[in-house]
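Student: Output the structure for:
(2 chains, ligands or ions: 2)
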Amino acid sequence: MADRKIRVLVAKPGLDGHDRGAKVVARALRDAGMEVIYTGIRQTPEMIAEAALQEDVDVVGLSILSGAHMALCPRIIELLRGQGLDDVVVLVGGIIPDDDVAPLREMGVKGVFGPGTSTQDIIDFIRREKGEPAPA
Amino acid sequence: MATQDSVTGLVEPLLAGNRRALARAISQVEDEAADSHALLAALYPHTGRSHIVGVTGAPGTGKSTLVNALARAFRGEGKTVGIIAVDPTSPFSGGALLGDRVRMRDLAGDPGVFIRSMATRGSLGGLARATGDALSVLDAAGFDRILVETVGVGQAEIDIAAAAHTTVVVEAPGLGDEVQAIKAGVLEIADVFAVNKADRDGADHTMMALQMMQGLAPATQGHHRPASGHGHAEPGAQGDGSWLPPIVKTVAVRGEGVAQLAGWIERHREYLAATGQLSRREEARAANTLDHILRDRLLAELTQRLPDGYLRQVAGEIARREHDPYSVVDRILSAYGCP
Ligand SMILES: Nc1nc2c(ncn2[C@@H]2O[C@H](COP(=O)(O)OP(=O)(O)OP(=O)(O)O)[C@@H](O)[C@H]2O)c(=O)[nH]1
Ligand SMILES: [Mg+2]
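Tutor: Ligands and ions are numbered 1, 2, ... in the order given. Predicted coordinates:
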């Protein structure tokens, strides 16, 4: 019988090498029953879009601490959409100034998670986006 | 959700090389979507051309790094490469952390490579239940070589040997006492041994331990036992039609020894074709697949006929020693089994 799992790509674009936060999120999503593809640090937008396509993910979660989110996010979304991945939900977490949240949403980023976000918030957000009820 | 159209609509683009269709098709078979059997049926006539290489071994021995390096070696010869990397599903949450791609970043941007991560989803054998079907999908998509990285634990070896044409068993030094660390059973299934991390102390020790085990092992079907007392026989195809698995030292992180490893995989492939073993392995693969599908289907059909809660009820009776399990199964089959 159909056994659909939410598949999430967790990626760290850009040049900073701190992937602690990304790994914490990856583990939390696994513990929430999702299949998480973790690709490691220093991913180019092209690498992220390619992995999202091959892995047929529902969600792409980006961890960006370098401050380059306003450049990286639109590029990644453009590449995803260019491959026909229109339904893939893009999330970004990291150090994102409040002023950037609205423009990021405008670009197509569905969820923005700043410092201090709990992993549960991210889990709940993904479940809502994918129309899955939280387990009782 | 998937309709007949959406599933069979994947077939043409997939055969034409569309990577999105390929990715979607793998998901369909992985999720056992309603029409995945129709999809596989449509793809099946296009399969049978890929050479499938299993890469198995204990956790952390360097399987992913080696798969990355092997893929590059095959690409260097102009061959296209599909990769399936299997990682375990957590039995507690049902989720999985699939991290093998971290070691395969060199392959990014190469249109001749397609990498897919797969969670075991409850299967214990080191492969996912749908790995065989995913292999068929990649095969139909036309990849010359398919590399399958297994989970590094459990009965992985047996499953991968049944699914692959050539099985590479990866060992590495530093896993403790060498002879103990080398898992029982690998001699029966290894077509090629890689002693990876040969830059580390103890690689020679691991080599020797493997050679010693090879010398002691009884000859198995298609596998050669080197004549004792005459030093080591040359590995590879033997005069009597058997195959002595070569042992290749590699440093996967630096690509050392990888050309030799890839060369041995090719030689094994030629050996299988030349000796008729290839068609025998294909038949064994088919029998294995058939066995799995039949079991699943028969069990599903039977449980469908049982009243709700029936199995739990009789399990209780067995646990309380009111009946024994064999008599219960006899009873179930005579009441609900096929006439
Ligand atoms: N020194 C040395 N380290 C290596 C070599 N090959 C791989 N490694 C390292 O060994 C570690 C594990 O490598 P992986 O390729 O992830 O091993 P794996 O067998 O795929 O691991 P699992 O999938 O977790 O079972 C990594 O840190 C690699 O960089 C090698 O030839 N020499
Ligand atoms: Mg690995």
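
Student: Wondering if the lengthiest helix in chain A reaches chain B at all.
Tutor: Ranked by residue count, the top helix of chain A under DSSP state H comes out as helix A:69-82. No. Judged by CB under 8 Å from any CB of the partner chain, helix A:69-82 stays clear of chain B, getting no closer than 11.2 Å. Quick note: C-beta positions are derived from backbone N, CA and C, even for glycine.

Student: Following the chain past that helix, name the next helix or strand.
Tutor: strand A:89-94 (DSSP states H and E).

Student: So which elements touch that following strand?
Tutor: Other helices and strands packing on strand A:89-94, by 3 or more CB pairs under 8 Å, 6 or more residues apart in numbering or on different chains; DSSP states H and E, are helix A:20-31, strand A:59-64, helix A:69-82, strand A:111-113, helix A:119-129.

Student: need the ones you listed in JSON lines with distance to B:S50, can you?
Tutor: As requested, those are exported to JSON lines (distance: least, CB to CB, whole Å):
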{"stretch": "helix A:20-31", "distance to B:S50": "31"}
{"stretch": "strand A:59-64", "distance to B:S50": "29"}
{"stretch": "helix A:69-82", "distance to B:S50": "29"}
{"stretch": "strand A:111-113", "distance to B:S50": "39"}
{"stretch": "helix A:119-129", "distance to B:S50": "35"}
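
Student: Could you report the neighbour count for whichever residue of chain A sits closest to ligand 1?
Tutor: Nearest to ligand 1 in chain A, going by CB to the nearest ligand atom, is A:G40, at a distance of 10.8 Å. When neighbours are counted by other CB atoms under 10 Å in any protein chain shown, A:G40 registers 19.

Student: do the same with the one 4 residues further on
Tutor: Other residues lying near A:T44 total 18 when counted by other CB under 10 Å.

Student: Find the nearest non-adjacent residue to it, please.
Tutor: Nearest residue to A:T44, sequence neighbours excluded (CB to CB, 6 or more residues apart in numbering or on different chains): A:P13, at 7.0 Å.

Student: returning to what we had before: the residue of chain A closest to ligand 1: helix or strand, and which one exactly?
Tutor: A:G40 is part of no helix or strand, with elements assigned from DSSP H and E.

Student: Tell me which residues touch the residue nearest to the spatial centre of chain A, please.
Tutor: Note on chain A: the residue nearest the mean C-alpha position is A:G61, at 0.9 Å, using CA atoms, centre = their mean. A:G61 makes contact with A:8-11, A:22, A:25, A:29, A:91-93, A:122, according to CB atoms under 8 Å, 6 or more residues apart in numbering or on different chains.

Student: Neighbours of residue 35, how many?
Tutor: Picked chain A for this. For A:E35, using other CB under 10 Å, the count is 26.

Student: meant chain B actually
Tutor: 18.

Student: Okay, and the closest residue to it other than its chain neighbours sits in which element?
Tutor: Once flanking residues are discounted, B:D35 sits nearest to B:V7: 3.8 Å by CB to CB, 6+ apart. Secondary structure assigned from DSSP H and E places B:V7 in helix B:4-8.

Student: for the spatially most central residue of chain B, helix, strand, or coil?
Tutor: Centrality entry for chain B: nearest residue to the mean C-alpha point is B:I160, 3.0 Å, by CA atoms, centre = their mean. Here B:I160 is helix, with the state taken from DSSP: H, G, I helix; E, B strand; the rest coil.

Student: How about the strand or helix carrying B:Y271 and ligand 1, touching?
Tutor: Element membership for B:Y271 (DSSP H and E) is helix B:258-275. No. Using CB under 6 Å from any ligand atom, helix B:258-275 stays clear of ligand 1, coming no nearer than 9.7 Å.

Student: buried set for the helix or strand following that helix?
Tutor: Heading C-terminal from helix B:258-275, the first helix or strand you meet, by DSSP H and E, is helix B:277-305. Buried residues in helix B:277-305, counted by 16 or more other CB atoms under 10 Å in any protein chain shown: B:277-278, B:281, B:285.

Student: Please state the offset of helix B:277-305 from the chain centre?
Tutor: Taking the mean of its C-alpha atoms, helix B:277-305 sits 16 Å from the chain's own mean (CA atoms, centre = their mean, to the nearest Å).

Student: Disregarding flanking residues, what is the spatial nearest neighbour of residue 28?
Tutor: Let's take chain A. A:T119 (3.5 Å).

Student: wait, I meant chain B there
Tutor: B:S36 (4.7 Å).

Student: What about that neighbour, how many residues nearby?
Tutor: B:S36 has 21 neighbours, counted by other CB under 10 Å.

Student: do the same with B:K79
Tutor: With other CB under 10 Å as criterion, B:K79 counts 16.

Student: B:Q214 versus B:G57, what's the distance?
Tutor: As defined by CB to CB, to the nearest Å, B:G57 lies at a distance of 17 Å from B:Q214.

Student: same check, this time on A:V90
Tutor: Taken as CB to CB, the span from A:V90 to B:Q214 is 52 Å.

Student: Tally up the residues packed near residue 66, please.
Tutor: Using chain A. Count around A:S66 with other CB under 10 Å applied: 17.

Student: Correction: the question concerned chain B.
Tutor: 27.

Student: Repeat that for B:V328.
Tutor: That count, for B:V328 with other CB under 10 Å as the rule, works out to 16.

Student: Doesn't it lie inside a helix?
Tutor: Yes. Counting by three-state DSSP, B:V328 is found in a helix.

Student: Tell me the predicted confidence for it.
Tutor: With respect to pLDDT, B:V328 has a value of 95.

Student: Compute the inter-axis angle for the helix or strand containing A:E46 and helix A:69-82.
Tutor: A:E46 is part of helix A:45-55 when elements are defined by DSSP H and E. If you take axes from the mean of the first three to the mean of the last three CA atoms, to 10 degrees, helix A:45-55 sits at 40 degrees to helix A:69-82.

Student: gap between helix A:45-55 and the chain center?
Tutor: The answer for helix A:45-55 is 12 Å, by CA atoms, centre = their mean.

Student: Give me the buried positions along that helix.
Tutor: Those would be A:45, A:47-55, for helix A:45-55 by 16+ other CB under 10 Å.

Student: In terms of secondary structure, what does it contact?
Tutor: Using 3+ CB pairs under 8 Å, 6+ apart, helix A:45-55 sits against strand A:7-11, strand A:59-64, helix A:69-82, helix B:19-30, strand B:113-119.

Student: Identify the residues contacting it?
Tutor: By CB under 8 Å, 6+ apart, helix A:45-55 touches A:7, A:9, A:11, A:13, A:37, A:39, A:43, A:60, A:62, A:72, A:75-76, A:79-80, A:82-83, A:85, A:88, B:19-20, B:23, B:101, B:105, B:108-109, B:114-117.

Student: Buried ones from those residues, can you make that a PyMOL selection?
Tutor: Of the contacts of helix A:45-55, the buried ones can be selected in PyMOL as follows, counting by 16+ other CB under 10 Å:
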select buried, (chain A and resi 7+9+11+13+37+39+43+60+62+72+75+76+79+80+85+88) or (chain B and resi 19+20+23+101+105+108+114+115+116+117)
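
Student: Now the residue nearest to A:T44, what are its backbone angles?
Tutor: Dihedral angles of A:P13 (phi, psi; degrees, to the nearest 10) stand at phi -80, psi 170.

Student: which parts of the stretch 1-150 of chain B sit against ligand 1?
Tutor: Within the stretch 1-150 of chain B, the residues that sit near ligand 1 (CB under 6 Å from any ligand atom) are B:59-65, B:100, B:103.
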